[in-house]
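Q: quick one, structure for this:
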Amino acid sequence: MALVIVIAVIALLAGLAANRWLRPLLLDVGDDEGMAVKDLVGPLLTLTVLLLAFVLVTAGGSYGKAEISSRGEARALDQLVESAEYAPALQRAQLQAGAVCHARAVRVREWSTMADGNGSPAPSVWSTGFRESFRPLAGEPVFGMPVAADNKRSEEREERLTQASAGIPGTIFWFLLATLTITVITLGVCLPRRNNRGQILTLAVITTLLTATLVIIRDVDRPFGGVIDVEPTAISEIERQATRDFTANHPAAELPCDNTGTRRAV
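A: Model prediction:
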């Protein structure tokens, strides 16, 4: 980073030196002729738009990964429930009940914490229970299916938690905000002082569009918080299906957790 700053400073000093000593030799124009401030606004506006577009694509990619991992986690949990059908009755009941409680813990207790980029230990209680249920199945033909599904669920949850954190550092966001401010002020300086209604309206539109882009970037960069957020739709659907399967297979049994995924006191 220091090298970039040094080279940029050297380039600026070289440009000023060339303006003072090389310009008279290369250009046959007066010293008061040259580019006006308004001539520099175009490249500045282009740079601002390109920066915003690049960061918007990056933030959109993070949002997409968050949504994909959320759905992938739900699918893996559904596979775990389905593969439990081939397990003995005791392990089948444990795995299907654990899947319901895990889904509830994710939906109720963990989803809200991800708005701040954090996770919750609540789902881990039930993932530990999955592994305890796998032990009696070691060596059995059915052993591989639920274990593979649980490994996939764990990977997708880890990816979801990773994407919950802001992918764009705060320094970059403030740099974009400073760039937007400088661009708008520079455009304002170049406007005529009279008969400028059309120009002012155009500046207001440009400012609105640039600001809206920055706001969208900020919102999309937090996939589980804000206006444009990833909803727990997939995990809610799997919770409903797992609850239905558990009730059908074990009508007299009670789930080991409440509606928030918290383990019931024994």
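
Q: immediately after the lengthiest helix in the chain, which helix or strand?
A: The single longest helix within the chain, with elements called by DSSP state H, is helix 37-83. For helix 37-83, the succeeding helix or strand toward the C-terminus, using DSSP states H and E, is helix 89-104.

Q: distance from the chain centre to that following helix, please.
A: 30 Å (Cα atoms, centre = their mean, to the nearest Å).

Q: could I get the buried residue list for that helix?
A: Residues of helix 89-104 classed as buried by neighbour count (16 or more other Cβ atoms under 10 Å): 91-104. From N, CA and C alone the C-beta is placed, and that goes for glycine too.

Q: can you name the element that comes right after it?
A: helix 122-134.

Q: I'd like the distance from that following helix to the chain centre, please.
A: Relative to where its chain is centred, helix 122-134 has its mean C-alpha point 27 Å off (Cα atoms, centre = their mean).

Q: going by neighbour count, which residues of it are buried?
A: So helix 122-134, judged by 16+ other Cβ under 10 Å, has buried residues A122, P123, V125, W126, G129, F130, S133, F134.

Q: okay, these in TSV with distance to A178 and pLDDT next?
A: Shown next, in TSV, are these (distance: Cβ to Cβ, whole Å; pLDDT from 0 to 100):
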residue	distance to A178	pLDDT
A122	40	90
P123	40	91
V125	45	90
W126	46	90
G129	50	88
F130	49	89
S133	54	87
F134	54	87
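
Q: what is the nearest of the residues you listed to E156?
A: Ranked by distance to E156 (Cβ to Cβ), those are led by P123 at 11.9 Å.

Q: got the contact list for the closest residue in space to R92 that isn't next to it in sequence?
A: With Cβ to Cβ, 6 or more residues apart in numbering as the measure, A84 is the residue that lies nearest to R92, at 4.8 Å, once sequence neighbours are left out. Residues near A84 by Cβ atoms under 8 Å, 6 or more residues apart in numbering: Q91, R92, L95, Q96, A99, P146.
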